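1. have a look at this fold, sequence not included:
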């Protein structure tokens, strides 16, 4: 069925090529869109005859007096999948507008086809996103869940490795054609699933066979990362979980989210299995993190010179000489600042146990600042 919204889009498209008055009527002969807003909702007898005979109808000035709601011009049936779905009418001298009539009809039918298939792709994307959400939440797979998987052509028997790609949202990224190009990545295997996840994320559920090695999977994710950055001309971050059985997809997905937090900071790919201390940070509550920071560096965390010095000390792997050079300060100034840190916090950077506490506190503080 031809709806008014689509009919108005057709009018706008055709108007770019022809400046004559144009109408679009439905299969009941009612005008649902027009360049003349006053005609919308009126019955058009010529359109009804065009629907009935499924062929072009030329309307003369004489016909205006005998046919209801018509003006001189040409009416053309609009076909979609072999069925008449409406009529497009062009007002004017039939001899003058006739050469354009068939082109206008073909253009209209092409526009309807593109709109239909675009809506189908949108529906598919929404259906996949909804299924993915349920997959992550569902504890048991009932027959209805399995049937949805079958309809969406999702294999529930293979192991999955979840990857989440995130990029900065722009108006360009919301363009339907661009989404379709992402979802049609040529290197996706038969058991790989690409899912649009919100407006700024793409989820790749890679099907993993027992024969595949970790290296080949990493190379595939790297190629996917490169594909996205080239296509979007933007920085893309990817977090990847471990390959797990399909019943454990939610675990792989949570691992991917954890890895993505680190990847966003570095603008690259992070595999969860490569994480070490970050795993501990992720399991700590915000209250515990805040309390730890206050107990360690809370007495000097707002003193810029001391914090800059401590961070640089870690970057230079505790080399006092390299730290002083990097900060462009005298070595005695560095010793003074480290002594002040000890006096304020009771922790000594020269002591390995205390140094580890200071390092963890700085990392927790940096993580909290980035997430604000």
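-> Looks like it arrived, so ask away. Small disclaimer: the values here were computed from a predicted structure and weren't measured. Numbers count the residues shown, from 1 in each chain.

2. would you map the helices across the stretch 1-150 of the chain?
-> Ranges of helices within the stretch 1-150 of the chain are 4-15, 45-53, 63-66, 94-137, 143-151, based on DSSP state H, counting those that start in this stretch.

3. closest to residue 177 out of those?
-> helix 94-137 (8.7 Å; CB to CB). Where C-beta positions appear, they are placed from N, C-alpha and C, glycine not excepted.

4. still on that earlier bit, just name the most buried of the helices of the stretch 1-150 of the chain.
-> helix 45-53 (a mean of 20; mean count of other CB atoms under 10 Å).

5. circling back to that earlier point, of all the helices of the stretch 1-150 of the chain, which lies closest to residue 358?
-> Nearest of the helices of the stretch 1-150 of the chain to residue 358, taken as CB to CB: helix 94-137 at 38.0 Å.

6. and residue 302, that's in a helix?
-> No. Looking at residue 302 with DSSP: H, G, I helix; E, B strand; the rest coil, it is coil, so not inside a helix.

7. residue 288: which element?
-> Residue 288 belongs to helix 286-296 when assigned by DSSP states H and E.

8. output the contacting helices and strands for that helix.
-> helix 352-370 (3 or more CB pairs under 8 Å, 6 or more residues apart in numbering; DSSP states H and E).

9. about what we covered before: now do whichever helix or strand comes after the helix holding residue 288, average pLDDT.
-> Reading on from helix 286-296 to the C-terminus, the next helix or strand found by DSSP H and E is helix 304-315. Across helix 304-315, the average pLDDT comes to 94.

10. enumerate the positions of helix 304-315 that are buried.
-> 306, 307, 309, 310, 311, 312, 313 (16 or more other CB atoms under 10 Å).

11. for stretch 151-161, same thing?
-> 154, 158, 159, 160, 161.

12. where do the strands sit along the stretch 151-300 of the chain?
-> Along the stretch 151-300 of the chain, counting by DSSP state E, counting those that start in this stretch, strands occupy 159-167, 193-196, 201-208, 236-240, 269-271.

13. contacting residues around the closest residue to residue 259 other than its chain neighbours?
-> Nearest residue to residue 259, sequence neighbours excluded (CB to CB, 6 or more residues apart in numbering): residue 239, at 3.3 Å. For residue 239, the contacting residues are 163-164, 255-263, 269-270, 272, by CB atoms under 8 Å, 6 or more residues apart in numbering.

14. that's all I had, so thanks and see you.
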